[in-house]
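> no FASTA, just this:
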């Protein structure tokens, strides 16, 4: 359930508990404040809204050098209203109250909290090579509750039909949401709502998402053949996570804000395993650099084979601590691949 409301300064009340508030604005990245209201109408403290990952679709004028509008997904903790305050020169273009905890769901139950894609360990305790793909324990779209109708327009056509291109690289993001998330599947559904409907992208922008318990979630829809993010020829479905660098680029999002917070060991291990599995599948050397070629524009850019979002565009994503830890991710994934 979601309700788009006027992004003005008045109090916005709902008749349903709000899981998250999705916001878009132009101007200063730190120029919006928000406060939440409980069921009795009592306001909480004002908080500065921190912009999330500036992901998006490729298109005319979107070359990655120009930052997109600011966006955020603010946890609301089952509030029943909110109010916005914008600084001078800031314009809130959209606000959306989202309730994902009470959406109808289909599919198998979620995993119990064990890491999703653990490689086995040899007697020395080191990770064994060649992790499986798809990773064991993957939480499918059906399992996390993806409402597939959100991928379609009113006339029944796909909003963003699947397009597949050869694999080129991997990019790591963070979602800039609550790192101590009590219900990460609900957050995945909220991101899906924001990306597919509010942003009109037709789907979630990432190929995979990983929570603090190490659970891996299937992202962008790629078909029904059981090969997440790929077709039968192991080409990659184009998603919407790194503007100007989307085709052939697999986007992995860490659920949380890793500007200062650290990843849990389980999240770290699942990121290593997933990166190693993808590297093995595609013959990628995780410690190498690549020359990325955009299949539409023909533009070429050099960067890490396993990159952070900020390696390709002007952004803080995937957060300072996550970005500084990518060297270790590459080394461990290289051991798995090698």
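Looks like it came in fine. Just so we're clear, the structure is a prediction, and the values are computed from it rather than from any experiment.
> which residues in the stretch 101-250 of the chain form helices?
Along the stretch 101-250 of the chain, the segments classed as helices by DSSP state H, counting those that start in this stretch run 141-144, 184-193.
> give me whichever of those is most buried.
Ranked by mean neighbour count under mean count of other CB atoms under 10 Å, the helices of the stretch 101-250 of the chain are led by helix 184-193, which reaches a mean of 25. Where C-beta positions appear, they are placed from N, C-alpha and C, glycine not excepted.
> what helices and strands are in contact with that helix?
Helix 184-193 sits against strand 12-26, strand 70-86, strand 91-98, helix 141-144, strand 216-218, with contacts defined as 3 or more CB pairs under 8 Å, 6 or more residues apart in numbering; DSSP states H and E.
> correct me, but residue 205 touches residue 56?
Yes: counting by CB atoms under 8 Å, residue 205 touches residue 56, with 7.2 Å between them.
> okay, those two: which has more neighbours?
Under the criterion of other CB atoms under 10 Å, the comparison of residue 205 against residue 56 puts residue 205 first, with 26 against 23.
> tell me the confidence at the nearest residue to the more buried one once chain neighbours are set aside?
Counting by CB to CB, 6 or more residues apart in numbering, residue 240 is the residue found nearest to residue 205 once chain neighbours are left out, at 3.9 Å. pLDDT, residue 240: 97.
> show me what contacts residue 240?
Residue 240 is in contact with 55, 56, 57, 58, 160, 195, 201, 203, 205, 220, 246, counting by CB atoms under 8 Å, 6 or more residues apart in numbering.
> ok so, going back, CSV for the helices and strands packed on helix 184-193, including mean pLDDT?
Shown next, in CSV, are those (pLDDT from 0 to 100):
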stretch, mean pLDDT
strand 12-26, 92
strand 70-86, 93
strand 91-98, 91
helix 141-144, 96
strand 216-218, 98
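> of these, which is nearest residue 189?
Ranking these by proximity to residue 189 (CB to CB) places helix 141-144 first, at 6.7 Å.
> now do the buried residues in stretch 87-98.
Buried positions in stretch 87-98, judged by neighbour count with 16 or more other CB atoms under 10 Å: 90, 92, 94, 95, 96, 97, 98.
> out of those, which one sits closest to residue 267?
residue 98 (23.8 Å).
> what about residue 132, neighbour count?
Neighbours of residue 132 using other CB under 10 Å come to 13.
> secondary structure element holding the nearest residue to it once chain neighbours are set aside?
The shortest distance from residue 132 to any residue other than its chain neighbours is 6.4 Å, reached at residue 277 (CB to CB, 6+ apart). When elements are assigned from DSSP states H and E, residue 277 belongs to helix 265-282.
> which strands and helices sit next to that helix?
strand 169-174, strand 208-210, strand 249-254, helix 326-337.
> quick check, residue 276 in contact with residue 286.
Yes: counting by CB under 8 Å, residue 276 touches residue 286, with 7.3 Å between them.
> more neighbours: which of those two?
residue 276 (30 against 25).
> leaving out chain neighbours, which residue sits closest to that one?
residue 336 (3.2 Å).
> and the one you found, what's its pLDDT?
Taking residue 336 on its own, its pLDDT is 83.
> any idea how far it is from residue 133?
Residue 336 is 11 Å from residue 133, where distance means CB to CB, to the nearest Å.
> could you do residue 269 as well?
Taking CB to CB, one finds residue 269 at 16 Å from residue 133.
> ok, now residue 276?
9 Å.
> now residue 221
18 Å.
> contacting residues around the residue nearest to the spatial centre of the chain?
Centroid-nearest residue in the chain, with CA atoms, centre = their mean: residue 253, separated by 4.2 Å. Residues in contact with residue 253 (CB under 8 Å, 6+ apart) are 53, 172, 173, 174, 175, 191, 206, 208, 209, 210, 219, 241.
> one more pass at 7 Å, please.
53, 173, 174, 175, 206, 209 (CB atoms under 7 Å, 6 or more residues apart in numbering).
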